[in-house]
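[1] Coordinates only, no sequence provided:
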């Protein structure tokens, strides 16, 4: 098996923002040729598949400027600098939904767009949910509508493209698999 | 339900590359406050869950510069301008793996990183695979190792973080669900 590695010859920061940074890199390919790579750096994120005691999935509807539309997603948010994913997951769940959870378990982690970005999402499953009455407020710039869906409703939302993102599609399919396995 | 829409006040193109473009946008939030959004525009992509007649999943190992490592993924590629996803899926499958397929069916489509990017991936399932001996070469800048995995091997690859991206994690879970449903 030949080496597939691309060596960095030069890396230039084009943009550094609140959420992402953009680098333009000159690389040496395995055959010795040179090419350019456009790379987005992102701090990483968590997403929480939160299931209520009566088996509803807690979802948030929010406007996504990149898509110019609202979609319905499992609660999620960016990692703060140095923040552990589990701590971030509990914080984001409470901030976005007002729920605190008894149990929180990592389901999986995945890169969302490995072709151009290093964003990783850590997907947790949260159970034993309790609504906190005086829960922390949303970030000032964050506006969401809360929805609690049965699995059947979530599957319909996927078909209707109200649910339309990778992490939420994965989470809904995970619950379908658990149901099919009788778990 | 209140409107969640964010109105664009100003959009500035920061970078336009071969793969992505970056825009910095001033927006008006639902409460009238102003904020900034960092937006990546991407042409969209396809991914192909290709299953051989003996039930192996066709995977490609490739170096991902954004991650500085190789991962194992289902074949995928960017849409050319004006290209139909199905046409792109057949092209990418043949270019990356040498396989042509009899049947090709859209499983689902999802946005990969709705927080900052408009990249959408259309995931197809391909069956009736035949290896084309004189298949089109890979792009000059593309280097991949082909692997054919059983479902059990693919699940192990997810655990070992050799498979580590959203579309491939979704595809493996899809096959687990099909198996659990006895399909």
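    Arrived safely. None of the values given here were measured: they were computed from a predicted structure.
[2] burial count for residue A:27?
    Other residues within reach of residue A:27 by the criterion other Cβ atoms under 10 Å in any protein chain shown amount to 20. C-beta here means a position set from N, CA and C on the backbone, and glycine is covered the same way.
[3] meant to ask about residue A:69
    One way to gauge burial is a neighbour count; for residue A:69, by other Cβ under 10 Å, it gives 15.
[4] Name the nearest residue to it, ignoring sequence neighbours.
    residue A:63 (7.3 Å; Cβ to Cβ, 6 or more residues apart in numbering or on different chains).
[5] Downstream of the helix or strand containing that neighbour, the next helix or strand is which one?
    Mapping residue A:63 onto the secondary structure by DSSP states H and E places it in strand A:57-64. Next in sequence after strand A:57-64, counting helices and strands by DSSP H and E, comes strand A:69-73.
[6] So if we follow the domain assignment, how does chain A break up?
    Listed by automatic domain parsing, the domain ranges of chain A are A:7-41, A:45-180.
[7] and the shortest one, what's its mean pLDDT?
    Rounded to a whole number, the mean pLDDT of domain A:7-41 is 97.
[8] same question for the strand holding residue A:63, mean pLDDT?
    Computed over strand A:57-64, the mean pLDDT rounds to 97.
[9] So which residues make contact with it?
    Counting contacts by Cβ atoms under 8 Å, 6 or more residues apart in numbering or on different chains, the residues outside strand A:57-64 that touch it are A:49-52, A:69-75, A:96-97, A:99, A:129, A:142-151, A:154, A:163, A:168, A:171-172, A:175, B:1, B:4-6, B:30, B:111, B:114-115.
[10] Now, the residues you listed that are in strands?
    The members of these that map onto strands under DSSP state E are A:49-50, A:69-73, A:99, A:129, A:144-149, B:111.
[11] Nearest to residue B:79 among those residues?
    Out of the ones in strands among the contacts of strand A:57-64, the one with the shortest distance to residue B:79 is residue B:111. That distance is 14.1 Å, counting by Cβ to Cβ.
[12] Would you quantify the distance from that closest one to chain A?
    Distance of residue B:111 to chain A, computed by Cβ to the nearest Cβ, to the nearest Å: 5 Å.
[13] Centre of the chain to the strand holding residue A:63, how far?
    The gap between where strand A:57-64 is centred and where its chain is centred comes out at 12 Å by Cα atoms, centre = their mean, to the nearest Å.
[14] which among the ones in strands among the contacts of strand A:57-64 gets closest to residue B:21?
    When these are ranked by distance to residue B:21 (Cβ to Cβ), residue B:111 comes first, at 16.3 Å.
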